[in-house]
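Peer 1: Next come a sequence and a model predicted from it.
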Amino acid sequence: GEQLFKNTHGNDWSCATCHTSNPADPGKHAKTSKSIEPMAPAVNAERFTDSAKVEKWFKRNCNDVVDRACTPLEKGDVMSFLMAIKA
């Protein structure tokens, strides 16, 4: 999960491009500069509480980062990485 989050995958972007390499920190969208709340549930209790939102953002961001939908295993790996981060 950490590698998928932090590494680029054929594009110029990784998840960390907007969400920072430390998911406990707030991020900023690379194109719009819109602020993004931290990804780590340890510092953002709202993260991952709405399954429809989770699927929407995985779909959008996986297409941006890896040019395809992420597999269930990839999603689980990223979620496990983010949930293991301590505040």
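Peer 2: Received the coordinates, thanks.
Peer 1: From now on I want contacts and neighbour counts done on CA atoms only, so please keep to that.
Peer 2: OK.
Peer 1: now the helices for the protein?
Peer 2: For the chain, applying DSSP state H gives helices covering 2-6, 15-19, 51-66, 72-83.
Peer 1: Spatially, what comes nearest to the residue most central in space within the chain if we skip its sequence neighbours?
Peer 2: Geometric centre of the chain, nearest residue: residue 15, 5.1 Å, by Cα atoms, centre = their mean. Of all residues not flanking residue 15 in the chain, residue 5 sits nearest, at 4.9 Å (Cα to Cα, 6 or more residues apart in numbering).
Peer 1: quick one, what contacts the one you found?
Peer 2: Residue 5 makes contacts with 14, 15, 16, 78, as judged by Cα atoms under 8 Å, 6 or more residues apart in numbering.
Peer 1: these two touch, right, the first one and residue 3?
Peer 2: Pointing back at residue 14 there. No - using Cα atoms under 8 Å, residue 14 is not in contact with residue 3, being 9.6 Å away.
Peer 1: any low-confidence regions in the protein?
Peer 2: Applying pLDDT under 70 to the chain flags no residue at all.
Peer 1: When residue 14 and residue 3 are compared, which one has more neighbours?
Peer 2: residue 14 (23 against 12; other Cα atoms under 10 Å).
Peer 1: Please tell me how far that one sits from residue 70.
Peer 2: 13 Å (Cα to Cα, to the nearest Å).
Peer 1: hey, what's in contact with both of the two?
Peer 2: Among the neighbours of residue 14, none is also in contact with residue 70 (Cα under 8 Å, 6+ apart).
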